[in-house]
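Novice: here are the coordinates; sequence isn't available:
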């Protein structure tokens, strides 16, 4: 996960995360990806002191190579260690151990065995015949007794099924053509309940130096000084406002080039001005 998005999630993520279980087993039978991964299942990993898709690919080893993302890789890396009894006695139990040990924000059912090579097995979660989550489980690694995760990687959540993403903390927007927008580029979410901010709403746009976080706070539940200006639920669109083409349900996102400290949300009921959240604001 990109560093800025991690900061946004820290501010707005809810504590309860659904698993998207639709009744399938963790491992299922069926047709795998149209082009199965044919590379090695053991690739050296290296932790880089940078926040980029390139670094994530390197840190996720073979699992990152096995992905078939439409956009950039979203998250990935090597696994930690575990104690005797935490690992599984079979590869499938090793995949189940991955969910118990790592607690990843990915679907927990519907994986297929895509490749087996010695004491390593690649499991893939596929969407339309393309791998969106890859987990490589290995047997008896160093300080990893039994079967368990070695490396894992996933595409942006926008590439996962709605049945899963609808249970998560983020809201996925779509573009003019109805395509789901990567959450690293744009997402919104309800404020966290544990801070009693559920009457507020947050909107994250951009990446890196262009990343911005806006908030809707009609009930004024956010602390004083959190916002760059007051929230306004009834405004006129500025003359230079442009339709980004992004929408979530009946909400449209409009922005201006002259004043990036406000995001304008147009609905059938009117236009709201969401002010930018000041730097350093967060929910512990």
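Specialist: Nice, I can see it. Every value quoted in this text rests on a predicted model; they were computed, and no experiment measured them.
Novice: from here on, contacts and neighbour counts on C-alpha atoms
Specialist: Will do.
Novice: Now for residue 233: which residues touch it?
Specialist: By CA atoms under 8 Å, 6 or more residues apart in numbering, the residues touching residue 233 are 218, 271-273.
Novice: Can you select the buried ones from these in ChimeraX?
Specialist: Selecting only the buried entries of the contacts of residue 233 in ChimeraX, with 16 or more other CA atoms under 10 Å as the criterion:
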select :271,272,273
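Novice: Now, the contacts of residue 233 that are in strands?
Specialist: 271-273 (DSSP state E).
Novice: Got the domain ranges for this protein?
Specialist: The record assigns the chain these domain ranges, following automatic domain parsing: 26-159, 169-275.
Novice: Could you work out which of those reaches nearest to residue 282?
Specialist: Proximity to residue 282, assessed across the domains of the chain by CA to CA, is greatest for domain 169-275 (8.6 Å).
Novice: how far is that closest one from where the chain is centred?
Specialist: 18 Å (CA atoms, centre = their mean, to the nearest Å).
Novice: Adjust the sequence numbering to begin at 263 for everything that follows.
Specialist: OK, 263 is where the count begins now, so the last one is domain 431-537.
Novice: Three-state assignment for the most far-flung residue of the chain relative to its centre, please.
Specialist: For the chain, the largest distance from the centre (CA atoms, centre = their mean) belongs to residue 501, which lies 34.6 Å off. Taking DSSP: H, G, I helix; E, B strand; the rest coil as the rule, one finds residue 501 in the coil state.
Novice: just to revisit the earlier point, tell me which of the domains of the chain sits most buried.
Specialist: Highest mean neighbour count of those: domain 288-421, a mean of 20 (counted as mean count of other CA atoms under 10 Å).
Novice: measure it end to end?
Specialist: 19 Å (CA to CA, to the nearest Å).
Novice: what helix or strand is residue 354 on?
Specialist: helix 353-364 (DSSP states H and E).
Novice: Residue 342 now?
Specialist: Here residue 342 sits in a region with no helix or strand, counting by DSSP H and E.
Novice: re the thing from before, could the ones in strands among the contacts of residue 495 be laid out in a markdown table, adding pLDDT and distance to residue 434?
Specialist: Output for these, formatted as a markdown table (pLDDT from 0 to 100; distance: CA to CA, whole Å):
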| residue | pLDDT | distance to residue 434 |
| --- | --- | --- |
| 533 | 98 | 20 |
| 534 | 98 | 19 |
| 535 | 98 | 20 |
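Novice: which one among those residues gets closest to residue 448?
Specialist: Closest to residue 448, out of all of the ones in strands among the contacts of residue 495 and judged by CA to CA, is residue 535, at 17.0 Å.
Novice: residues touching the closest one, list them.
Specialist: When contacts are counted by CA under 8 Å, 6+ apart, residue 535 is found next to 478, 493-497, 524-527.
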